[in-house]
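*Asks:* following is a predicted model, sequence given first.
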Amino acid sequence: MTDRRDFVKASLVASALSGLAGTAKAASPVKPVVVSTWDFGVAANQAAWSVIQGGGHALDAVEAGARVPEADMKNHSVGRAGYPDRDGHVSLDACIMDEQWRCGGVAALEHIAHPISVARRVLEKTPHVLLVGDGALQFAIEQGFPKEELLTPESEAAWREWLKVQNYQPVANSEMSTYGHVPNSKMPGDEHNHDTLGILALDGQGRLSGACTTSGMAWKLRGRVGDSPIIGAGLYVDGEIGAATSTGVGEEVIRNAGSFLVVELMRQGRSPQKACEEAVMRIVRRRPEAAKTLQVGFLALNTKGQVGAFAIQKGFVYAQRDAKATDTVVPAKSFFA
Ligand code: SD4
């Protein structure tokens, strides 16, 4: 009897200890990290990092980060100063997603400088995921966002210059991007032009979120929507696995459900790097002609804080911020060297 009582006691102690060990393991501190597409992601990461350092949620961090290039008057591919469509309308696309699959997006939204925050309101205030065009604008105004003219004099001058040739030619981006523009263009503002901001964050409690914001392809047809506001294409987050975002020619990313694919490949055991490579290679294999000239780049972050990136063309860079790396810009590997 005594033996049995001792045995039960010993088992209870052992299981309590193993429980404690489990708790200790689960509580091991997560190392937060923020990554963003392109070198202008450095400033976005700084804004996101201050939210994370204050103990904030990754969702707040990525929204804060995305608002930085949206407000940057020198950035002609995101937010307020984005280049317009063929008819001179600035129309913006954005989406946001957290680790619990909560998500929202807006597409072809005009007159609102911060589409990422409207996307956040779609997530929070509606049962929907995506609002477009006039409906998105109406919702934004109802939510108290100011209606503004987003076409800056600089963007208008570039558009008028483009109207002279009307050469609609998406081209591969490089570090100083010419995406959506005629190569070697002398158009005003081109030297400052980059691309979509995709930002992914893992906060101190291990929560993942992502945001993606763009003015899309410059001089696009009115109503054209790329990958950036589409959950699964321009952005995907699964708190069990990881997150991915993309930059480049949205049509190609939509075709291969790019960001979803990257996350699914991570689910199957690939590292973020291998997952990005495989997703790019699928485009290269299935769209060999398009892949020769067009750019697509993926950026991924898993729940362990590991990062990966890969692009079709060289020139894709991403910015990383963590406890060690401040303002780090990392060149991604690419299929074409
Ligand atoms: C789009 N993916 O609208 C965006 C644009 C972009 O690098 O990322 N350019 O297709």
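*Replies:* That came through, no problem.

*Asks:* next, count neighbours for K31.
*Replies:* By the other CB atoms under 10 Å criterion, the neighbourhood of K31 contains 13 residues. (Each C-beta comes from the backbone N, C-alpha and C, glycine too.)

*Asks:* now do the phi/psi pair for the nearest residue to it once chain neighbours are set aside.
*Replies:* Ranked by CB to CB, 6 or more residues apart in numbering and with sequence neighbours excluded, the top spatial neighbour of K31 is G305, at 5.2 Å. Backbone torsions for G305, taken as degrees, to the nearest 10, come to phi 90, psi 10.

*Asks:* just list the residues touching G305, thanks.
*Replies:* Counting by CB atoms under 8 Å, 6 or more residues apart in numbering, G305 touches V30, K31, P32, V33, L202, D322.

*Asks:* could you export these as TSV, including pLDDT?
*Replies:* Converted to TSV, these look like this (pLDDT from 0 to 100):
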residue	pLDDT
V30	87
K31	94
P32	97
V33	98
L202	98
D322	96
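
*Asks:* so where is this protein shaky, pLDDT-wise?
*Replies:* 1-28, 168-194 (pLDDT under 70).

*Asks:* which SS class is the residue nearest the centre of it?
*Replies:* For the chain, the residue nearest the mean C-alpha position is G198 (2.1 Å; CA atoms, centre = their mean). The three-state assignment at G198 reads strand, by DSSP: H, G, I helix; E, B strand; the rest coil.

*Asks:* my read: it touches S209, true?
*Replies:* No - here G198 does not reach S209: they are 11.9 Å apart, not a contact under CB atoms under 8 Å.

*Asks:* just to revisit the earlier point, give the bridge partners for the residue nearest to the centre of the chain, please.
*Replies:* Here G198 sits in beta bridges with C212, going by DSSP bridges.

*Asks:* residues in contact with it?
*Replies:* Listed by CB under 8 Å, 6+ apart, the contact set of G198 reads S36, T37, G210, A211, C212, S228, G234, L235, T245, S246, T247, L299.

*Asks:* just confirm the first one is within a strand.
*Replies:* The one in question is S36. Yes - assigned with three-state DSSP, S36 falls within a strand.

*Asks:* tell me the spatial nearest neighbour of it, not counting adjacent residues.
*Replies:* Excluding the flanking residues, the one nearest S36 by CB to CB, 6+ apart is I199, at 4.3 Å.

*Asks:* check the last one too.
*Replies:* Closest residue to L299 in three dimensions, ignoring its sequence neighbours and counting by CB to CB, 6+ apart: A309, at 4.7 Å.

*Asks:* other residues contacting stretch 139-159?
*Replies:* 73, 76, 79-84, 88-90, 92, 106, 109-114, 117-118, 121-122, 125-126, 131, 137, 187-190, 218-219.

*Asks:* any idea where the strands of the stretch 1-150 of the chain begin and end?
*Replies:* Listed from the start of the chain, the stretch 1-150 of the chain has strands (DSSP state E, counting those that start in this stretch) covering 33-37, 91-98, 103-110, 130-132.

*Asks:* show me the contacts of stretch 139-159 that map onto helices.
*Replies:* Using DSSP state H, the members of those that fall within helices are S117, V118, R121, V122, K125, L137.

*Asks:* farthest-apart pair in those residues, please.
*Replies:* When CB to CB is used, the two most widely separated members of the ones in helices among the contacts of stretch 139-159 are K125 and L137, lying 15.3 Å apart.

*Asks:* ok, those two, which is more surrounded?
*Replies:* Summary of the neighbour comparison: K125 and L137, criterion other CB under 10 Å, with L137 having more neighbours (21 against 12).

*Asks:* list the contacts of the more buried one.
*Replies:* L137 sits in contact with L109, E110, H111, I112, K147, where contact means CB under 8 Å, 6+ apart.

*Asks:* for K164, same thing?
*Replies:* Counting by CB under 8 Å, 6+ apart, K164 has no contacts.

*Asks:* just the C-alpha atoms of stretch 31-45, please, in CSV.
*Replies:* Taking only C-alpha atoms (Å, rounded to 0.1, in the frame of the first residue of the first chain), the coordinates of stretch 31-45 have been written out as CSV:
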residue,chain,number,x,y,z
LYS,A,31,13.0,36.8,-30.7
PRO,A,32,10.9,39.4,-32.5
VAL,A,33,11.8,40.3,-36.1
VAL,A,34,10.4,42.6,-38.8
VAL,A,35,11.2,42.2,-42.5
SER,A,36,10.0,44.4,-45.4
THR,A,37,10.4,44.4,-49.1
TRP,A,38,12.9,46.9,-50.6
ASP,A,39,15.3,49.3,-49.0
PHE,A,40,12.5,51.7,-48.2
GLY,A,41,11.4,49.0,-45.9
VAL,A,42,14.1,50.2,-43.4
ALA,A,43,12.0,53.2,-42.4
ALA,A,44,8.9,51.0,-42.3
ASN,A,45,10.7,48.5,-40.1
